[in-house]
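**Student:** After the sequence you'll find the predicted model.
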Amino acid sequence: VLCDPDVANIDGDSCFPPTYKSFDGLKVDNLPPYSLAKFPQVVKVGGLLDLYGIKNQQDPLQAQCLAAFLMAINEINNNTNLLPNTTLITAFATGQGFSGAIKAATQLAMSAFGGTGVDIVIGTDDDVETESSNEV
C-alpha cells in the first residue's frame, strides 16, 4: 500500500508509523521537530588539543588523543551505518592555559573553514581549559 503524505490514513496518522512514549505506552500526539530532520551532509568538527606542553616538548598523551580522534573520525566516515550521507571534516587548534584554550576555541568557532567555523569542538582534557572553551 502506497502512502500519500498529504492524505491522512484511516486512523488519522500520516505516512509515518505511530510513535509511543516509553514510560506509559501511549501514542505521542506530535513528533518533536527534530525527529524527522535530516542530518547535514557535512559536519565540521574542531579538535582542541595541545601537542606541546609548557616546556615546548611533545606531550605523548596528547599525541595519542590526536591519533584516537582521527581514528574515530575515519571510522565514522567509513561506516555508512553510523551517519549515512554525512561526512565529518576536521580542523585543529592549540592553546596553552585558560586564555589559550579560549582563544583556540574562538578561532575554531569563528575562523575555521574559511570563516564559517566549526559545528562542534572536542577537547582532549577534562580540565578547566577545556570546560572554559565549551562556553565559546
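**Tutor:** In hand now; what should we look at? Numbering: from 1, shown residues only.
**Student:** Let me see the ranges of the helices in the protein.
**Tutor:** 60-78, 97-110, 112-115, 128-133 (DSSP state H).
**Student:** which parts of stretch 86-105 are buried?
**Tutor:** 88, 90-95, 100-105 (16 or more other Cβ atoms under 10 Å). In this view, the C-beta of every residue, glycine as well, is placed from N, C-alpha and C.
**Student:** Taking the residues you listed, tell me the two that lie furthest apart.
**Tutor:** Greatest spacing in the buried residues of stretch 86-105, by Cβ to Cβ: L88 and G100 (25.0 Å).
**Student:** for the chain, what helix or strand is lowest in average pLDDT?
**Tutor:** Sorting the helices and strands of the chain by mean pLDDT, DSSP states H and E puts helix 128-133 at the bottom, at a mean of 57.
**Student:** ok, A109 to P60 distance?
**Tutor:** Per Cβ to Cβ, to the nearest Å, A109 is found 28 Å from P60.
**Student:** Can you pick out the residue with more neighbours from those two?
**Tutor:** Higher neighbour count among A109 and P60: A109, with 17 against 9, using other Cβ atoms under 10 Å.
**Student:** Contact partners for V43?
**Tutor:** L83, T86, T87, L88, I89, D119, I120 (Cβ atoms under 8 Å, 6 or more residues apart in numbering).
**Student:** rerun at 6 Å
**Tutor:** Residues counted as contacts of V43 (Cβ atoms under 6 Å, 6 or more residues apart in numbering) are L88, D119.
**Student:** Enumerate the beta-bridge partners assigned to it.
**Tutor:** Per DSSP bridges, the residues bridged to V43 are L88.
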